[in-house]
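A.B. asks: Fold the stuff below for me.
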Amino acid sequence: MKIKGFLCSTTARTNEEYRKVLKRRNIGKLALTLAGALIAGTAFYAEQTQKTALTEEMIGLYCGFGIGLAVAGIALLIKGLILIGNEEKLKQERLENADERLVEIRNKAASTTCMVMLLVICVGGMIYGLFVPILVKATVFLMDVFAFSYIASFFYYKRKM
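C.D. replies: Prediction:
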């Protein structure tokens, strides 16, 4: 089974509307690519200058994460550009991403994922906080960010929709 349109649902009714949506999304993909390159470049610079107290393992983790983000961003950007340039693929993708059943499935999956992640963050932070006390503060911070972003987005979409 293929997960279709993960984080890509749309309400665009025409190919031209969907093309505009994809162009806006391509800006985000470009930002993802640049962020990845910046993370990897910073880690590489830190390793070369040895001005940080990071271990080799952490520098490798940052480098790998940054390169992974950059490669994913480039791949998604290329896919978006191909879709924009091919009318038939654009129509097919628009119809698949606008399917009401898939949109509802995505909404339920996202809701379930949020609840699981909140539980994991809370339990993990509280357990590991026994060994590294700052993790309790980080856990509370993450839960506060989640709650604030949920409330803000709820009221934003309530007005918009």
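A.B. asks: Where does pLDDT dip in this structure?
C.D. replies: Residue ranges of the chain with pLDDT under 70: 1-9.
A.B. asks: Now with 80, please.
C.D. replies: Applying pLDDT under 80 to the chain flags residues 1-13, 51-54, 96-100, 102-103.
A.B. asks: which one's the longest helix in it?
C.D. replies: helix 15-49 (DSSP state H).
A.B. asks: what comes up buried for that one?
C.D. replies: By 16 or more other Cβ atoms under 10 Å, the buried positions in helix 15-49 come out as 15, 18-19, 21-22, 25-26, 29, 32-33, 36-37, 39-40, 43, 46-47. Where you see a C-beta, it was placed from the backbone N, CA and C, and this is true even at glycine.
A.B. asks: buried ones in the following helix or strand past it?
C.D. replies: Counting by DSSP states H and E, the next helix or strand C-terminal to helix 15-49 is helix 56-85. By neighbour count on 16+ other Cβ under 10 Å, the buried set for helix 56-85 is 59, 62-63, 66-67, 69-70, 73-74, 76-77, 80, 83-84.
A.B. asks: tell me what helix 56-85 is packed against?
C.D. replies: helix 15-49, helix 87-97 (3 or more Cβ pairs under 8 Å, 6 or more residues apart in numbering; DSSP states H and E).
A.B. asks: Export those to CSV and append columns for distance to Tyr150.
C.D. replies: Below are the helices and strands packed on helix 56-85 laid out as CSV (distance: least, Cβ to Cβ, whole Å):
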stretch, distance to Tyr150
helix 15-49, 21
helix 87-97, 24
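A.B. asks: Of those helices, which is nearest Tyr128?
C.D. replies: helix 15-49 (24.1 Å; Cβ to Cβ).
A.B. asks: now the nearest residue to Phe146 once chain neighbours are set aside: how far from Leu77?
C.D. replies: In space, and not counting its chain neighbours, Phe146 is closest to Leu118: 6.4 Å by Cβ to Cβ, 6 or more residues apart in numbering. Leu118 is 31 Å from Leu77, where distance means Cβ to Cβ, to the nearest Å.
A.B. asks: same question, Gly125
C.D. replies: Gly125 is 35 Å from Leu77, by Cβ to Cβ.
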